[in-house]
Every structure is written in C-alpha cells, then in structure tokens.
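S.K.: Structure for this input, please:
(chains A, B and C)
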Amino acid sequence: MPELPEVETTRLGISPHISQKSVQQIIVRQRQLRWPIPDKLEATLTGLTIIKVKRRAKYLLLETCQDWVLMIHLGMSGNLRILRESEAAGKHDHLDIIFHDDTILRYNDVRKFGSVLLIKPPLFDHPLIKHLGPEPLSDAFNGQYLYEKAQNRKTAIKNLIMNSHVVVGVGNIYASEALFQAGIHPKKQVNHISLQNYMDLAKAIQNVLQNAITQGGTTLKDFVNEQGKPGYFQQSLSVYGRKGLACFQCKQPIENEKIGQRASYFCANCQR
DNA sequence: ACTGGATCCTGACTGC
DNA sequence: TGCAGTCAGGATCCAG
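M.R.: As a prediction, the model looks like this:
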C-alpha cells in the first residue's frame, strides 16, 4: 500500500518514460474510483504533452503543456506501470494512457481507493491540496514545528503524525517504525511530549522515509514499481507486522494494538 | 478547532 | 469444500 516512499519511487520510475511525450489515446475501463474519473479526461488530455511529473504529498502531478494537471492518487492498493507494448488488461486495470511512441501508462487499483483527477493551477488552491501539512523531507518539517502543532491537542502521537494536515506522507507502517526509532510510545498524548522528543521524532520520520525511498519502497502488501517489481523495504521493518516477535533492541515481545482504528506495533519496553 | 468513528472496496485469511 | 465474518488501509466526511 503506497506511502510516500512508494509514491516517490513510482514518480521516479514513470517520469523518464512519459516526460516530453504526447498523449495519443486514453482508455478508461472503470470510472468509479474514490471520486469518478472526470468525463472530460479523454477529450482534454488527448494531444497534450506531459512536461514533468511532480509530487505533492501522495499525489502524483502530471503537468501538461497546457493549463491542465493530471492528479493521481494511488489510494491503498493502486499502482502505475509502464508497458512497452500492449498487453491484455487485467481485472483491475482501470485506465491506460497511451503515448505517441506506444508507451502505455497503466493504472491498476484493486480496492478503488485511489483517484484520477484533472485540475487547473494554481495547485495550492485546490481543496485536496490546500490544507496539507509540509513535506516531511523539507526544511519546514522539524521538531519545533511538530511541538508547536501538538500544544493544543490531546490525541495520541501516532494519530498526529499520520494526520496529513499536520505532515504529509506518513502512513501506518512508517508511523510505527518512526515511533520505535524515536523511543516514543504510540499512544502517548501529544501535549505530554518534550521538544527534545519531537526533535528525535522528526529526525526518525525523515530517516525512515529516506531509507525507504533509497530502497525502492516497501513490498509489505502489494506494492510494485513501474516495472511491476516489488520493493525491498520489508526486510528493514523493526516493529510493523512483528506482533509477538522479539524486539531487536531488548528482546521483549512486540505488542499490537489498535490506535485510531489502525493496527499499531510497538515495544512497550523501548517506547515510553 | 479538535477528535473519534464511519465510510469507500476487494481479496486474503480464519473459523466453523 | 463452502460460507460467513474479519481485517487491511488513506483520507474525507460527519457528528459531538
């Protein structure tokens, strides 16, 4: 399930195959995703050239030569692949974008939680982007920032860092991993955490995400890159999915509890 | 303004 | 073997 590293891996993977190419044809097989694929997509995008593939949070932004941007979210089970030649569409292959040189960008999403939308700049005004927090790997995100965001709240720390209005791109897996790395219990109330702990946590989040990007995304569920190949990050997970197994630091069993409706993994001994 | 819960969907897995 | 129930998970929406 794509988190920020998977989306970035996808961006880096598809960009060289579709940049500076013009759209020749679009095939939509299923319009009903998180939001319906707009009816005007085919007429609007056909003939336009993709200039650049950018990313904001977990949204991929395909900028065109005109005033349109194709905004793609992979939801939880979505993936984009590059095909060199036509290949029979599978059950959940909802969209093909075919370029003038026959390269195909194919969108697949089993659970249909993703979205494909057409938007106009300025992007920061778009309702889905307007209220997003800073990118975790940017200078705007640091311990001081997190500390300030926490002051008037009472929620559990794991909920805070997974809130995309606070910071984007930290999903369920990497939230558990970062909290373990920082030695903070996922249920700890956000206004009871010191500035020093927030500085450690911000660093841990950046460290976990950067490592995952370097390694090409996690393959824990069904993530595949632009070539349909899995990532390799799962070997590096310290707590996620390790319920009952020995903590790598202290050998106590890893615990599993629901926090904010999400499965959470932690070491009650190392994380306080 | 903030919080927790419900919600969208399908496939994998568990238990009877 | 079959069937029902549970779970996974991003992010929005809604009610309190």
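S.K.: Now for residue A:156: which residues touch it?
M.R.: Counting by C-beta atoms under 8 Å, 6 or more residues apart in numbering, residue A:156 touches A:186, A:187, A:188, A:189, A:190, A:259, A:260. No exception for glycine: its C-beta is placed from N, CA and C like everyone else's.
S.K.: which one among these gets closest to DNA strand C?
M.R.: Using C-beta to the nearest atom of the strand, residue A:260 comes nearest to DNA strand C of the contacts of residue A:156, at 8.7 Å.
S.K.: tell me, how many neighbours does that closest one end up with?
M.R.: Burial measure for residue A:260: 16 neighbouring residues, criterion other C-beta atoms under 10 Å.
S.K.: Same check on residue A:98?
M.R.: Using other C-beta under 10 Å, residue A:98 is surrounded by 18 other residues.
S.K.: what does residue A:148 give?
M.R.: Counted with other C-beta under 10 Å, residue A:148 comes out at 11.
S.K.: In terms of helices and strands, where is it?
M.R.: Element membership for residue A:148, per DSSP states H and E: helix A:143-150.
S.K.: Helices of chain A, residue ranges please.
M.R.: For chain A, the helices defined by DSSP state H occupy A:4-18, A:41-45, A:127-130, A:143-150, A:157-162, A:172-182, A:195-214.
S.K.: Is DNA strand B within reach of the fifth one?
M.R.: Yes - Helix A:157-162 reaches DNA strand B (C-beta under 7 Å from any atom of the strand) through residue A:159.
S.K.: State the mean pLDDT of that helix.
M.R.: Averaging pLDDT along helix A:157-162 gives 94.
S.K.: outside of it, which residues touch it?
M.R.: Residues contacting helix A:157-162 (C-beta under 8 Å, 6+ apart): A:146, A:149-150, A:153, A:166-167, A:170-172, A:175-176, A:178-179, A:184-190, A:193, A:201, A:205, A:259-260, A:262, A:264.
S.K.: if we go to 7 Å?
M.R.: Contact partners of helix A:157-162, identified using C-beta atoms under 7 Å, 6 or more residues apart in numbering, comprise A:150, A:153, A:166-167, A:170-172, A:175, A:179, A:184, A:186, A:188, A:190, A:193, A:205, A:259-260, A:264.
S.K.: again with the fourth one
M.R.: For helix A:143-150, the surrounding residues in contact (C-beta under 7 Å, 6+ apart) are A:160, A:166, A:190, A:191, A:193, A:195, A:198, A:199, A:201, A:202.
S.K.: tally of neighbours for the closest residue to the last one other than its chain neighbours?
M.R.: Going back to what we said before, that points to residue A:202. Computed as C-beta to C-beta, 6 or more residues apart in numbering, the closest residue to residue A:202 that is not its neighbour in sequence is residue A:143, at 4.4 Å. Residue A:143 is flanked by 17 other residues according to other C-beta under 10 Å.
S.K.: One more: residue A:125?
M.R.: Residue A:125 has 10 nearby residues by other C-beta under 10 Å.
S.K.: and it, what pLDDT?
M.R.: 85.
S.K.: separation between it and residue A:26?
M.R.: 26 Å (C-beta to C-beta, to the nearest Å).
S.K.: Tell me how many other residues crowd residue A:187.
M.R.: So residue A:187, with other C-beta under 10 Å, has 18 neighbours.
S.K.: try residue A:191
M.R.: Residues near residue A:191, counting by other C-beta under 10 Å, number 14.
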